[in-house]
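J.: Whatever this is, show me its structure:
(chains A, B and C)
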Amino acid sequence: MSERLPFLFRIMATIATGGKELQGTKMAPVATAYAVLMNAHSDKLSAWHRMTTIVAIKGHLEDSALTRFNRLGVTMSTTTKLRLLDEASSIMDKGIVSRLQKSPLVKITGDNLDMYIKTGQQSLEKSNRDLHLFASNVLFNRIASPDKYSLVPTRTPLTDLNAEMFLLSGNYRSTLVNSYSVILGRILCELKAFSWMANALPDHIHHPYQHEMSLKSDIFQLPIMMKNEAKHEDCVDILDTYEAVLSDYYHKAFGSEDVLHKFGVTVGGDQLTRVRLEEAKNLRALATTPNKRFEDLHPFVIELWHTKQDFLEKCFKALYSASSVRQPGTLYYFKSNLQRTDINGKVKGGFKAHHEFLYLVGTAMVTEQFLQYFGMENVESEPTKNMPIMKKKSFR
DNA sequence: ACGATGGTTGCTGGTGACTT
DNA sequence: AAGTCACCAGCAACCATCGT
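T.: Okay, the predicted model is just below:
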């Protein structure tokens, strides 16, 4: 604007600032006024209005309010709102297709999405309703690429298996110890006397796929389906939809479905979903066409979405007991002393509260251990014994 | 200069789901 | 039964571009 219409720009900037230089938050009103005027001049110049309309859509603004804003010239109309939504879905389709052309290895994950709708007034005709939906996402692999892709899975013969293969040994063990030391170091460097240690600790614990994991992952949402994964027929419908959607995308991206048949698509879900979808595939084992037999959808894998919660649950099962309120040092003792009333041992009901509480107590205990080991009075004091040989100065 | 064409925008009446 | 709300299809208004 300052280049194309310097005169108008100066006038508007002067009005906005009272003669001072235009900067900071004063930029937005000028840009807004200009965008509204330019849109009135030609409806093709609507980037700004599209933005405000999308914000309105995102916030579920009512159509009546949107229409009033439209009359004021700050948003687009409700008709355009629907067109924008259509546009968004076709852009997502194009996004999937163009991403497919770069790497044909994708994975679909799905999970059930249950809603409980309470009516304002319960009656025989209208009762509370349970909605069972199914949500899915398409994910693109960040590590594997077609040239690294092996079509033959590596299998260890059952006769060669022995128990020791499941135990940590050699460098696995040292990797684990190394990871522990980083985690403990993060707690230690919170102490004033050891704050220098923060520079020496890595931001992330080292692992072989660090580069790939630092890349942005591409995730696209598929439409939410009105399907109940507890029913076999609905699971079959879900897989049918997957096949239809996938063959459509691969057709658009490669002109045929050969690539899809060659690589297949991994389908992931939590333990229950995985079993149900696999059962649905088995139901179609005798169907007439490969598409109906869901041959492109394999393997079905477990997504460990609940691992952290399961671990937390085990921790609370082992460490939390409501009868131990008088024993200092127990979880229940701290819960009572810190008045954490939302901690009741039911991890699923309040994951965040339980997680935060265990983390707090754990960190405090580790800190206490450090204070004892280094012979420190409190977190502010200097260590008196067991000081590492490496001194501050030599480290800098 | 004029009309045809294509694209975008907003309006209108009708419809169905839902609430009061 | 009446009202509210969102959506849909169809249409007119408008503008830019192109060919005659």
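J.: alpha carbons only for contacts and neighbour counts from here, please
T.: Noted.
J.: just so I have it, where are all the strands in the stretch 151-300 of chain A?
T.: A:219-225, A:265-269, A:297-302 (DSSP state E, counting those that start in this stretch).
J.: mind putting those strands in a markdown table, mean pLDDT, distance to DNA strand C and mean neighbour count included?
T.: A markdown table is the format used below for the strands of the stretch 151-300 of chain A (pLDDT from 0 to 100; distance: least, Cα to the nearest atom of the strand, whole Å; neighbours: other Cα atoms under 10 Å):
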| stretch | mean pLDDT | distance to DNA strand C | mean neighbour count |
| --- | --- | --- | --- |
| strand A:219-225 | 81 | 14 | 15 |
| strand A:265-269 | 90 | 29 | 22 |
| strand A:297-302 | 87 | 30 | 18 |
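J.: Any idea which of those strands gets closest to residue A:76?
T.: strand A:219-225 (25.2 Å; Cα to Cα).
J.: CSV for the strands of the stretch 151-300 of chain A, including distance to DNA strand B?
T.: Output for the strands of the stretch 151-300 of chain A, formatted as CSV (distance: least, Cα to the nearest atom of the strand, whole Å):
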stretch, distance to DNA strand B
strand A:219-225, 16
strand A:265-269, 29
strand A:297-302, 33
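J.: Tell me which of the ones you listed sits nearest to residue A:93.
T.: strand A:219-225 (8.8 Å).
J.: Run through who's touching that closest one.
T.: Contact partners of strand A:219-225, identified using Cα atoms under 8 Å, 6 or more residues apart in numbering, comprise A:92, A:96, A:133-140, A:238.
J.: got it, and stretch A:66-82?
T.: Contacts for stretch A:66-82 (Cα under 8 Å, 6+ apart): A:36, A:40, A:49-50, A:52-54, A:56-57, A:63.
J.: residues touching the closest residue to residue A:294 other than its chain neighbours, list them.
T.: Nearest residue to residue A:294, sequence neighbours excluded (Cα to Cα, 6 or more residues apart in numbering): residue A:281, at 6.4 Å. Under the criterion of Cα under 8 Å, 6+ apart, the neighbours of residue A:281 are A:236, A:239, A:293-294.
J.: Which of those fall within helices?
T.: Secondary structure from DSSP state H places A:236, A:239 of those in helices.
J.: Can I get the contacts of residue A:281 in a markdown table including distance to DNA strand B?
T.: A markdown table is the format used below for the contacts of residue A:281 (distance: Cα to the nearest atom of the strand, whole Å):
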| residue | distance to DNA strand B |
| --- | --- |
| A:236 | 25 |
| A:239 | 26 |
| A:293 | 33 |
| A:294 | 32 |
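J.: out of the contacts of residue A:281, who has the most neighbours?
T.: In terms of neighbours by other Cα atoms under 10 Å, the contacts of residue A:281 top out with residue A:236 at 24 neighbours.
J.: Pull the contacting residues for it.
T.: With contact set as Cα under 8 Å, 6+ apart, residue A:236 has these partners: A:277, A:280-281.
J.: Pull up the per-residue confidence for residue A:148.
T.: Looking at residue A:148, its pLDDT is 69.
J.: Please read the previous query as pertaining to residue A:175.
T.: Residue A:175 carries a pLDDT score of 87 in this model.
J.: Spell out which parts of chain A neighbour DNA strand B.
T.: Residues of chain A lying near DNA strand B by Cα under 7 Å from any atom of the strand: A:43-44, A:46, A:67, A:70-71, A:75-77, A:79-80, A:119-120.
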